[in-house]
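Asks: got a predicted structure plus its sequence, pasted below:
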Amino acid sequence: MQPQALAGIRVVDIVGTISTSYCAKLCADYGADVINLEPDEGFATRRLDDFLTDAVRPEKSAMHAYLNTNKKSVQISRVDAQALIASADLLLDDGSDDESAAACMAVRSSICWYGKSGPYADFVGSDAQCFALNGMLRGIGPVEGPPLIPTGYQAQVVGGLTAFIGSLTQVLAGELGNRTEPVHLETSIHESCLCFTDVGVVSSYNLGIEGYRMGLNRFPPTYPLGVFPCKDGWLGVTVLTPGQWHAFCELLDMNEFTEIALFETSVGRLEAVDILEPVIRERLLEHSAEDLFYRGQEATIPLARVPTMEELFEVDQFVERRAMSQATLADGSQLTVPSVPFRLYETPPHFGGKVAGLGEHTGEFA
Amino acid sequence: MAATHSLKGIRIVDLSMGWAGPLTVRHMADMGADVIKVESCERFDWWRSWEATPEWIEDDGAEKSVAFNLVNRNKRDITLDLEHPEGRELLLQLVATANAVVENYSGSVLPKLKLGYDVFREVRDNIILLSMPAFGSTGPWSKFRAYGSTVEQSSGLPHLNGNADDPPTMQHVAYGDAAGGLTGAAALLVALRHQAKTGAGQFVDLSQVEGLFPLAIHGILEYSATGAAPPRQGNRSDHAAPHGVYRCAGEDEWVTIQVFDENQWQALCTEVGDSLTEFGDLQHRLANLEALNGAIGHWTIDQDAHELMMKLQGAGVPAAAATTAKRLLDDPHLAHRDYWQWLDRDVVGRQPNPSAPFRIGDKPIPIHSPAPTLGQHNEEVLGDILGLSALDLARLTELGIIGTRPRIPSQR
């Protein structure tokens, strides 16, 4: 049995934000020695809802459990903390405490909302703001508005994932001999979220035009694309190429559309949406979403089931792949959480794992 | 040593196309890995176009795709007809010099080309193969096709967005693609680290759909913890009020305002003035949300969204103008941080390029070369790395195995 892929790397998280926690989670689930250096009240993630109804505070936050499998929790004095930070290959923080981070001798990775420079540097950040300021929010929702905010912690998770890339690169650079000095890496959550819209930015620059909100579940550059009602549920549709359009017409028994030149291109179909949409909606309602999904995929059309939260736990594809696994909280209660979304076959990740109670590992480091 | 040399000495053969795979590998290229992108004149990256025509070829359309150019910078590009035995053999020779191969074809493509992890291992026993199909490499849906939009639809995320009376609502911008690109980079780095430490390669299986689960985590965990999924409730939050997007002066101009605690509420009241005095604590505000949103909307509607954002943020209230893609090039924050790097590129001229989202020090990591043109580095890669002569290259060109111009795919 080979050691896990990130074995031998020590990661110390001194802030426990969602971003640092997700970055550290990827490290921990692949075998790094991840230590949460928690304050008296514990990291703020311990106070995030939703809470497991039968668990005991402060160990019952589902979000904290998800983010903190396979890590250690330590509460020690500032003096001892310096020694621990000095032993880290990767220190995770939010860039606000240079004094504590000064002991870092390897990679310090600071994840903050807008970076440490620029006119937004001191903004009070939020996930919604990142989607407002990356240009994505304006495209979501009904034409008349208001634009609809993407829910949850999406920007912070993206920030953590992005920081993981930069951080592990720098750890690896040290091991490869490509970096010989300590380094301070900064990840802006806002800039991390620009990866979703940078193509639109540069396209606007080249075309000299501004995008606009086309309506709920309607987006450039093609039609049909969206979530459509069927007889018994929702079907995700994306038809892009001429081949997919022909196959989609065949699937819905509307072959007469394949003879119309305008409909051969994605942009042409989008222009003709008022003609196409009533027919497509009517045809889709005659069928079961599941039936169309399988028959469509067989015809190489990228159709999708649009699973509910409940179905995510039940769909064969996800069950077979162990896409969900069990986190075990400090009091022994269990929570089903998503597994790491990538699998190294020879050095697999932990699937789920134990979540440390507050200060559980203090004795190892005090 | 500069960040652009962090992955010096690592070579990656990039067979991926579209957005997710190329973005994964671009992160490696940005940090100094030698990335060789392999296309063919007929099976070129579909992000150059999915509707190629002779006119498009004549017009150099293959080199004008913004999307392609953004995710393929810092790479070298060669063409090899992998359906020709000689093209396939040259790919394997290249793989023999590499640390990793990345592919995101649909499940049937590599087997059809008689390629795959076992074949790559025969020429390089410690090779890493990152395979990133939409649904992963195993399971009943492993061969199913998807775009980034399909990935979003399949992740359950649309059930968490939008208004209760509307259908599950997509965020789109091919959301699964960029997210998959980031997850792919994370996966590849984990495998590269293991390879650097132990000398061993392995197969890495990434499901792009599962890669979106962390972005839907709030819904997944609520269901898991309580047995009930969260309802779609538009811009409303149970933990913040106001929490919405409010119309500002101008056409389709909006500002987000979110008040998460009482300090922020008091600061907002100071800015807005008398019209908010009737509202009390969070529970009271949630109970009177329509009136609250009306009062705030009345206050914002004549104000400039950007100025309002700066004013509210200055007072400690979370707020952001809903900007547009076009305006981001002039965004003062990004300009201050030199986020956009301008590079000259053949055919399209001077273009803005987004920096890597992490930086060392004040400045972004410099981009050393724009996206390559089709087959731009045939001579450099096939000559310098594989030792082919000018005569060999001319013969391969004659056979159509390599080239620098796209061709409309023949029926084979």
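Replies: In hand now; what should we look at? Residues are numbered from 1 along each chain as shown, chains lettered A, B, ... in the order given.

Asks: residue A:284 reaches residue A:293, doesn't it?
Replies: No: taking Cβ atoms under 8 Å as the definition, residue A:284 is not a contact partner of residue A:293, at 11.4 Å. Glycine gets a C-beta too; all of them are placed from N, C-alpha and C.

Asks: spell out the residue ranges of the strands in the stretch 51-200 of chain A.
Replies: Applying DSSP state E, counting those that start in this stretch to the stretch 51-200 of chain A gives strands spanning A:72-74, A:90-93, A:107-112, A:183-188.

Asks: mind listing the helices for the stretch 51-200 of chain B?
Replies: All helices of the stretch 51-200 of chain B, identified by DSSP state H, counting those that start in this stretch, fall at B:54-58, B:66-71, B:85-95, B:109-112, B:117-123, B:148-154, B:175-198.

Asks: please identify which of the ones you listed is closest to chain A.
Replies: Taking Cβ to the nearest Cβ, helix B:148-154 is the member of the helices of the stretch 51-200 of chain B nearest to chain A, at 2.7 Å.

Asks: now do the buried residues in the closest one.
Replies: B:148, B:149, B:150, B:151, B:152, B:153, B:154 (16 or more other Cβ atoms under 10 Å in any protein chain shown).

Asks: touching, residue B:169 and residue A:139? I think so.
Replies: No: counting by Cβ under 8 Å, residue A:139 is not a contact partner of residue B:169; they are 11.5 Å apart.

Asks: element containing residue B:351, please.
Replies: If you go by DSSP states H and E, residue B:351 is part of strand B:349-354.

Asks: neighbouring contacts of the helix or strand following that strand?
Replies: Under the assignment DSSP H and E, the closest C-terminal helix or strand after strand B:349-354 is strand B:358-360. By Cβ atoms under 8 Å, 6 or more residues apart in numbering or on different chains, the residues outside strand B:358-360 that reach it are A:109, A:115, A:162-163, A:165-166, A:183-188, B:3, B:365.

Asks: from those, which is closest to residue A:133?
Replies: Proximity of these to residue A:133 (Cβ to Cβ) peaks at residue A:188, which lies at 10.8 Å.

Asks: wait, what's in contact with the closest one?
Replies: A:112, A:113, A:114, A:115, A:159, B:337, B:357, B:358.

Asks: by neighbours, which of those residues wins?
Replies: Greatest neighbour count in those, by other Cβ atoms under 10 Å in any protein chain shown, goes to residue A:159: 32 neighbours.

Asks: burial of the residue nearest to that one when sequence neighbours are not counted, as a residue count?
Replies: Using Cβ to Cβ, 6 or more residues apart in numbering or on different chains and skipping the chain neighbours, the partner closest in space to residue A:159 is residue A:189 (3.3 Å). Around residue A:189 sit 28 other residues, with neighbours defined as other Cβ under 10 Å.

Asks: next one, pLDDT for residue A:189 please.
Replies: Looking at residue A:189, its pLDDT stands at 98.

Asks: distance of it from residue A:125?
Replies: To residue A:125, residue A:189 is 7 Å away according to Cβ to Cβ, to the nearest Å.

Asks: give the residues shared as contacts by the two.
Replies: A:112, A:113, A:114.

Asks: rewinding a little: I'd like the strands of the stretch 51-200 of chain A written out as CSV, with distance to residue B:39 added.
Replies: CSV is the format used below for these (distance: least, Cβ to Cβ, whole Å):
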stretch, distance to residue B:39
strand A:72-74, 46
strand A:90-93, 36
strand A:107-112, 35
strand A:183-188, 31
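
Asks: excluding residues flanking it in the chain, which one is nearest residue A:234?
Replies: With sequence-adjacent residues excluded and distances taken as Cβ to Cβ, 6+ apart, residue A:234 is closest to residue A:306, at 4.1 Å.

Asks: I figured the one you found was touching residue B:157, is that so?
Replies: No: the criterion here is Cβ under 8 Å, and residue A:306 misses it with residue B:157 at 9.2 Å.

Asks: looking at those two, which is more packed in?
Replies: Neighbour comparison, residue A:306 and residue B:157: the larger count goes to residue B:157, with 29 against 26 (by other Cβ under 10 Å).

Asks: quick one: contacts for the residue nearest to residue A:159?
Replies: If you count contacts by Cβ under 8 Å, 6+ apart, residue A:189 has them with A:19, A:111, A:112, A:113, A:114, A:125, A:130, A:155, A:156, A:158, A:159.

Asks: one step back: other SSEs contacting the strand holding residue B:351?
Replies: Other helices and strands packing on strand B:349-354, by 3 or more Cβ pairs under 8 Å, 6 or more residues apart in numbering or on different chains; DSSP states H and E, are helix A:198-207, helix B:66-71, strand B:340-345.

Asks: and the gap between the residue nearest to residue A:234 and residue A:345?
Replies: In terms of Cβ to Cβ, residue A:306 sits 30 Å off from residue A:345.

Asks: next one: residue A:191
Replies: Noted for residue A:191: a distance of 33 Å to residue A:345, by Cβ to Cβ.

Asks: who has more neighbours, those two?
Replies: Set residue A:191 next to residue A:345 and count neighbours by other Cβ under 10 Å: residue A:191 wins out with 29 against 13.

Asks: grab the nearest non-local neighbour of the more buried one.
Replies: Nearest residue to residue A:191, sequence neighbours excluded (Cβ to Cβ, 6+ apart): residue B:357, at 4.4 Å.

Asks: now stretch B:94-110: buried residues?
Replies: Buried positions in stretch B:94-110, judged by neighbour count with 16+ other Cβ under 10 Å: B:94-96, B:98-105, B:107, B:109-110.

Asks: again with stretch B:118-131
Replies: Neighbour counts using 16+ other Cβ under 10 Å place B:119, B:120, B:121, B:123, B:124, B:127, B:128, B:129, B:130, B:131 of stretch B:118-131 among the buried residues.

Asks: cool, and stretch A:80-87?
Replies: Using 16+ other Cβ under 10 Å as the test for burial, stretch A:80-87 gives A:81, A:82, A:84, A:85, A:87.

Asks: how far does stretch B:141-161 stretch from start to finish?
Replies: 25 Å (Cα to Cα, to the nearest Å).

Asks: also stretch A:120-136?
Replies: Separation of the first and last residues of stretch A:120-136 by Cα to Cα is 18 Å.

Asks: could you list the buried residues of it?
Replies: Of all the residues in stretch A:120-136, those buried under the rule 16+ other Cβ under 10 Å are A:120-121, A:123-136.

Asks: and the residue of chain A closest to chain B?
Replies: Among the residues of chain A, residue A:236 lies closest to chain B, at 2.7 Å counting by Cβ to the nearest Cβ.

Asks: excluding its backbone neighbours, what's nearest that residue?
Replies: residue B:153 (2.7 Å).

Asks: the one you found reaches residue A:228, doesn't it?
Replies: No: with contact defined as Cβ under 8 Å, residue B:153 does not reach residue A:228; the gap is 10.1 Å.

Asks: any common contacting residues for these two?
Replies: Taking Cβ under 8 Å, 6+ apart as the contact rule, residue B:153 and residue A:228 both touch residue A:236.

Asks: in the stretch 251-400 of chain B, where is pLDDT below threshold?
Replies: For the stretch 251-400 of chain B, no stretch has pLDDT under 70.

Asks: can you give me the helices for it?
Replies: For the stretch 251-400 of chain B, applying DSSP H, counting those that start in this stretch gives helices covering B:262-272, B:282-287, B:289-300, B:305-314, B:332-336, B:390-399.

Asks: tell me which of those helices sits most buried.
Replies: Mean neighbours per residue, mean count of other Cβ atoms under 10 Å in any protein chain shown, is largest over the helices of the stretch 251-400 of chain B for helix B:305-314, with a mean of 19.

Asks: taking helix B:289-300 as reference, get the angle to it.
Replies: Here the directions of helix B:305-314 and helix B:289-300 differ by 110 degrees (axes from the mean of the first three to the mean of the last three Cα atoms, to 10 degrees).

Asks: restricting to C-alpha, output helix B:305-314 in CSV.
Replies: What follows is helix B:305-314, C-alpha atoms only, in CSV (Å, rounded to 0.1, in the frame of the first residue of the first chain):
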residue,chain,number,x,y,z
ALA,B,305,-24.7,51.6,-8.4
HIS,B,306,-20.9,51.9,-8.2
GLU,B,307,-21.0,55.0,-6.1
LEU,B,308,-23.5,53.5,-3.9
MET,B,309,-21.4,50.4,-3.4
MET,B,310,-18.4,52.5,-2.4
LYS,B,311,-20.5,54.6,0.0
LEU,B,312,-22.1,51.6,1.7
GLN,B,313,-18.9,49.7,1.9
GLY,B,314,-17.3,52.7,3.4
